[in-house]
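Visitor: Fold the following, please.
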Amino acid sequence: MHIPVMLDECLEGLITDPSGIYVDGTLGNGGHATEILKRLEAGGMLIGFDRDIDAIERVQEKLKSGAGKQVKLVHDNYANMAAQLDRLGIPKVNGLLLDLGVSSFQLDLAERGFSFQHDGPIDMRMDQTRGQTAAELVNTAGEQELADIIFRYGEERSSRRIARAIVEARAKVQIETTAQLAGIIERAKGGRRGKKTHPATKTFQALRMAVNEELASIEQVLEQMIDRVVEGGRIVILTFHSLEDRLVKRFFIRHVPREESLQQGGVRLHCEEPPVKWVWKKPVTASEKEQSENPRSRSAKLRAVELRG
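Guide: This next block holds a predicted model:
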C-alpha cells in the first residue's frame, strides 16, 4: 500500500487559496491529489501529471467525487508542464506540489523492473511508452559511461568495480533480469557482509535516475514554473535523497533575496527573478511516529517557497 509521506505538511505548505488552481506533478496513487481536492472550494481546480499511464487510469476513478471542482489529468512528464498548461489555457497557478518518491506500485510490480526484490525485466522507465530501458543501457553503454552514471546518480564508491563487472558479465550473456543484475553487483562488491542494505541499492537508483532523466526533469520544471505561480502562491517539493534535495535547495536559494554590499556604502537585496521567501526556514522531516509507521518517510525532506511581489 502506498502511503503519502507528510500529507498534512504538504497540504499546509501548498494551499493558500481554496478556490485556486493547484498542480500535483507526481500523481502516483493519488494520495496527495485526493486530499488537495477535498480542501478546494467550488470553482477550484486540480491538475494532475504522471508519466505512468497506469497511474493516470488508477487515479481517474478516485477523483470523480470533486463536486463543483475541476479536475484535469495529464499523461506526461512534469518537465513538460508549462507546455501542457499552455495547451489547457492556464497561464498561472496557485501552487505546485512534487513528490519525488518512486510509487510503491511501480516498485512492487516485477515487470516494471525497478526493484531487485521482485525478479523481472530491467525496464525502470516511468513511462513505458517511450525511451531507453535500463536493460538497453546496461547492455550497451561503455564501461566509463556506466561508472559515471553509477557514481553520479547513486553516489556509489564502488562504481568502477561494478561497471567493470557488468561489462565482463554481458560479454558472456546478455543481462536481462533484475535478479541477474543484482547478483552481478553483489558479487562485485564482495557480498552483503551482514549489511542491512542490499549492495545493488545505489546502482539500481542510479540506473533509474539516468533512464528517466530525473534530475534534468526537476531542473526543467522548476525553471518553467517559477514564473507560472501567482504572487503569494507556493512551490512545495518532497525529496527522498540528497541529490534531489541539493538541487531543489540550490534553486530556491538563488531566488531568495540576500543582502549585497554596495561599493558606495549600504546594501541592496539581490536575487534571481522572481523573488521567493521560505515557507519554512529549514526542511521539514517526518515525525518519529510517521517514520516508525512508514519507513520510506525516514529519508524525506520537504521544502517550500512562496512567490513574493
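Visitor: Please name every helix or strand in contact with the helix or strand containing F49.
Guide: Of the helices and strands defined by DSSP states H and E, F49 is found in strand 45-50. Judged by 3 or more C-beta pairs under 8 Å, 6 or more residues apart in numbering; DSSP states H and E, the packing partners of strand 45-50 are strand 21-24, helix 31-39, helix 53-62, strand 70-75, helix 81-88. C-beta: built from backbone N, CA, C; applies to glycine.
Visitor: Please, where are all the strands along the protein?
Guide: Ranges of strands in the chain, per DSSP state E, are 21-24, 45-50, 70-75, 93-99, 229-239, 258-261, 267-270, 276-278, 301-307.
Visitor: looking at those strands, which is buried most?
Guide: Ranked by mean neighbour count, the strands of the chain are led by strand 21-24 with a mean of 28 (mean count of other C-beta atoms under 10 Å).
Visitor: Put the alpha carbons of that one into CSV.
Guide: C-alpha atoms of strand 21-24 as CSV (Å, rounded to 0.1, in the frame of the first residue of the first chain):
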residue,chain,number,x,y,z
ILE,A,21,-5.6,26.2,-9.3
TYR,A,22,-3.2,23.6,-8.0
VAL,A,23,-0.9,21.2,-9.8
ASP,A,24,0.2,17.8,-8.5
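Visitor: Strand partners (parallel or antiparallel) of that strand?
Guide: strand 45-50 (parallel), strand 93-99 (parallel) (DSSP bridges).
Visitor: what's that strand in contact with?
Guide: Residues outside strand 21-24 that contact it (C-beta atoms under 8 Å, 6 or more residues apart in numbering): 14-15, 32-33, 36, 40, 44-49, 81, 85, 90, 92-97, 99, 225.
Visitor: make it 7 Å
Guide: The contact list for strand 21-24 (C-beta atoms under 7 Å, 6 or more residues apart in numbering) reads 14-15, 32-33, 36, 45-49, 81, 90, 93-97.
Visitor: for stretch 208-226, same thing?
Guide: Under C-beta under 7 Å, 6+ apart, the answer for stretch 208-226 is 25, 77-79, 81-82, 96, 114, 124-126, 131-134, 137, 149, 153, 235, 243-244, 247-248, 251, 255, 274.
Visitor: Mind doing that once more with 8 Å?
Guide: 23, 25, 51, 77-79, 81-82, 93, 96, 98, 100, 102, 114, 124-126, 131-134, 137, 149, 153-154, 235, 243-244, 247-248, 251, 255, 274, 276, 307.
Visitor: buried residues in it?
Guide: Neighbour counts over stretch 208-226 (16 or more other C-beta atoms under 10 Å) mark 208-212, 214-215, 217-218, 220-222, 224-226 as buried.
Visitor: isn't S115 right up against T178?
Guide: Yes: in this structure, S115 is within contact of T178 by C-beta atoms under 8 Å, at 6.8 Å.
Visitor: Give me the common contacts of the two.
Guide: Common contact partners of S115 and T178 (C-beta under 8 Å, 6+ apart): F204.
Visitor: Looking at the two, which is more packed in?
Guide: T178 (26 against 22; other C-beta atoms under 10 Å).
Visitor: Okay, now stretch 181-197: how far is its last residue from its first?
Guide: 16 Å (C-alpha to C-alpha, to the nearest Å).
Visitor: whoops, I mixed them up, stretch 80-94
Guide: 18 Å.
Visitor: same thing with stretch 205-223?
Guide: Start-to-end, stretch 205-223 (C-alpha to C-alpha) is 24 Å.
Visitor: From the chain's centroid, how far away is it?
Guide: Here stretch 205-223 is found 8 Å from its chain centre; the criterion is C-alpha atoms, centre = their mean, to the nearest Å.
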